[in-house]
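>>> Okay, sequence plus prediction incoming.
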Amino acid sequence: MAQAGRTDILAVVENQERSWFAWSTFLLCCLVMLADGFDNQAINYAAPTIIKEWGIERALMTPVFNISIVGWMTGSIVFAMLADRIGRRPATLLAAFLFGGFTLAIPLSTNLYELAFLRFCAAFGVGGAMPMAIALVSDYAKSKSRGFRITLMYLGYTAGSSGGGLLAAEIIPEYGWRSVFYVGGIGALLIGLLLAAALPESVRFLVLRKPGDRRILGYARKLRPSVGYADGATFGIEETVRTGVPVSHLFTEGRSAMTIFLWLALGFSFFTHFFLSQWLTTLLTDEIGYADAARTQALFQAGAAFAFIFGYLIDKKGVPVMTLAMILGALPVAAIGLVAGSGVGITLIMALASGILVLGGNIGLNAISSMIYPTFIRSTATGAAFAVARIGAILGPMIAGYLIYLKTPLDTIFIVGGLPMLAAGAACFMLDRSITPDAAREMASRSALARH
C-alpha cells in the first residue's frame, strides 16, 4: 500500500534498505576520489623527471607544489560555498570537468611558469570535487556508519594516488613525464561524463533548499523501495536553514572552539601529509633510485587504504581515536630518513606505516569534519576545513624545499616532517573536549557520544 503524507527525510536515510541506488552513489563518489587522487599526486611523481629534463634545481619545484595547494585551497572554499547554494551534484560535475581539462593541458607547458599556472587551475577543480564527494556520501549515510562509509570511500583516492605511482614508475621512464598527465586528464573527463549521467543530488539538500523538487520522491523510493511512497507524498527535515554567509555559521551556536581545533588538527596533519606526498620521491631518488623511490611514494599513498579502520573506530569511540593516531604517526615518518640508507625493504615498511597513520588519520579527520555540522553548512564546513588545512599543506613542502636548499641531512629533514603530527594530536585532544552536544548527535545516534 502506498504511503502518503509528510515524511522526515532523515528517517528515510536512517532506515534505507540495501539497494543499487545507495551503492551506486557511493561508487560514483569513489570514482571522484580516484580521479582526484591520481591527478593530485601526478605532479609529485613527475617532478624528478621534469627537474632532469629542464635542468633545474630541486628546490625550484617548491613554487609549483605550493601553487597547486593554493589552487586546491581556493577550490575547496569556492566550490563548497557554491554547493551549499546550487547543490552538490552541479558543483561536483563542474569541478570534475575543470580538473580533468586542465590536467590534460599540463603536458603543453614548457617552463615552470606555465606548469604552475596549469597546476593551479587543475588543483582548483581537485579542491572543489573532493569535499563535494565527502558531503554527498555523508548526506546519504546512516549516522551509525557515517565515519566508516566516508573513510571507506577514500579507497578510491588511494587507488588513484598509489596506483598512479605504480603506473608512473612504469610509463614515465618509457614515455616521459607528460604521459602521466594524459592518462589522468582523459580518465577524469571520462569519469565526469559518467557522473553527468548517473550522479544524484543530495536528498537532504533538496528537502532543505528545494522542497518541491520531484527528485526527492524518486530518491526516497529508491532508498526505501518496500515502503511504496505515494505520488502525493511530501518530505521534510528537522533542521533549520540559516541565512547569511555560510562560513559565519561555523562560529555560531557554540561551534567556534570546535571549528578552530578541527582546523588546527587538519592543518598540522596536512603539513606532514604534503611534506611527504610532494617530496618523498624526490628526496629518496638519490638514495634508492627513481623507480624504488616512486614505489616508496606509492606505498605511502597505499597506507590511506586502511583509513576505513579509523572510520570504524571513530563510529565506536569518537575523536580520541584520532588523538592517538596523530601522535603515533610522528614515529615512522621520522624513521624514514634514518633507514633510507639501510635498504629498500625497511624504507618501504616505514613508508607504509607512515601512510597508514598520517594519511589514514588525516582521512579520519576529514570524515569528522563532515560529521559534526548540520546539512545546511556541511559542504561549506568540509570545504573550509580543507581550505584552512592547506596552510599546513603549503608550509610543509615549503619548509622541505628550504631544508633541501640548505643541504640538510636526510634524517633531519624527516624528523622535522614528523613533528607536526604531535601538534595535530594535541589539537585532536582539545577538539574532543570542545565538541558541542548538537555536533555529537550529528556524529552518531548513540547517546554515549553526546555531551551534556
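Perfect, I can see it now. Residues are numbered from 1 along each chain as shown.
>>> quick one: contacts for residue 268?
For residue 268, the contact set (CB atoms under 8 Å, 6 or more residues apart in numbering) comprises 326, 392, 420, 421, 423, 424, 427. (Glycine included, C-beta is placed from N, CA and C.)
>>> Show me the shaky parts of the stretch 101-250 of the chain.
Low-confidence segments of the stretch 101-250 of the chain, defined by pLDDT under 70: 238-249.
>>> Now with 50, please.
Within the stretch 101-250 of the chain, the segments meeting pLDDT under 50 span 243-245.
>>> Run through the helices of it in chain order.
All helices of the stretch 101-250 of the chain, identified by DSSP state H, counting those that start in this stretch, fall at 112-140, 146-175, 178-198, 203-209, 215-223.
>>> okay, the ones you listed in JSON lines with distance to residue 286 and mean neighbour count next?
JSON lines is the format used below for those (distance: least, CB to CB, whole Å; neighbours: other CB atoms under 10 Å):
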{"stretch": "helix 112-140", "distance to residue 286": "21", "mean neighbour count": "25"}
{"stretch": "helix 146-175", "distance to residue 286": "16", "mean neighbour count": "22"}
{"stretch": "helix 178-198", "distance to residue 286": "21", "mean neighbour count": "19"}
{"stretch": "helix 203-209", "distance to residue 286": "50", "mean neighbour count": "23"}
{"stretch": "helix 215-223", "distance to residue 286": "54", "mean neighbour count": "19"}
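>>> distance of the residue nearest to the spatial centre of the chain from residue 67?
Per CA atoms, centre = their mean, the C-alpha nearest to the average position across the chain is that of residue 130, at 5.4 Å. Distance of residue 130 to residue 67, computed by CB to CB, to the nearest Å: 18 Å.
>>> Pull the contacting residues for the closest residue to residue 295 other than its chain neighbours.
For residue 295, ignoring the flanking residues on the chain, the nearest one in space by CB to CB, 6 or more residues apart in numbering is residue 169 at 5.8 Å. Contact analysis of residue 169 by CB under 8 Å, 6+ apart lists 45, 290, 291, 294, 295, 298.
>>> Could you report the separation of residue 169 from residue 221?
As judged by CB to CB, residue 169 and residue 221 stand 47 Å apart.
>>> same deal with residue 236?
Taking CB to CB as the measure, residue 236 falls 17 Å from residue 221.
>>> Likewise for residue 164?
39 Å.
>>> swap in residue 285?
Using CB to CB, we find residue 285 at a distance of 55 Å from residue 221.
>>> And residue 295, by the same measure?
Look at residue 295 and residue 221: by CB to CB, they are 47 Å apart.
>>> Repeat that for residue 151.
From residue 151 to residue 221 the distance is 29 Å (CB to CB).
>>> Please apply the same query to residue 152.
Residue 152 sits 25 Å away from residue 221, going by CB to CB.
>>> Equivalent analysis for residue 407, please.
65 Å.
>>> residues touching the residue nearest to residue 178 when sequence neighbours are not counted, list them.
Nearest residue to residue 178, sequence neighbours excluded (CB to CB, 6+ apart): residue 107, at 3.5 Å. Contacts of residue 107 were listed using CB under 8 Å, 6+ apart, and they are 178, 181, 182.
>>> now the last one, nearest residue through space, not along the chain?
Same thing as residue 182. Leaving aside its chain neighbours, residue 182 sits nearest to residue 107 (6.3 Å; criterion: CB to CB, 6+ apart).
>>> which residues in the protein form strands?
With strands called from DSSP state E, the chain shows them at 6-8, 234-236.
>>> Tell me which other helices or strands the last one touches.
Pointing back at strand 234-236 there. With contacts taken as 3 or more CB pairs under 8 Å, 6 or more residues apart in numbering; DSSP states H and E, strand 234-236 sits against strand 6-8, helix 9-14, helix 215-223.
>>> Give the partner strands of it in its sheet and their orientations.
Strand pairing for strand 234-236, using DSSP bridges, gives strand 6-8 (parallel).
>>> list the buried ones in the partner strand?
For strand 6-8, a neighbour-count test (16 or more other CB atoms under 10 Å) marks residue 7 as buried.
>>> Residues touching it, excluding its own?
Residues outside strand 6-8 that contact it (CB under 8 Å, 6+ apart): 220, 229, 233, 234, 235, 236, 237, 238.
>>> on that earlier part again, out of the contacts of residue 169, which are buried?
So, of the contacts of residue 169, 45, 290, 294, 295, 298 end up buried under the neighbour-count rule (16+ other CB under 10 Å).
>>> ok, the third one - contacts?
It refers to residue 294. By CB under 8 Å, 6+ apart, the contact set of residue 294 is 45, 165, 166, 168, 169, 172, 281.
>>> Determine which two of these are furthest apart.
166 and 281 (12.3 Å; CB to CB).
>>> what's around residue 236, how many residues?
A count of neighbours around residue 236, defined by other CB atoms under 10 Å, yields 13.
>>> Quick check: it touching residue 212?
No: applying CB atoms under 8 Å, one finds residue 236 not in contact with residue 212, separated by 12.0 Å.
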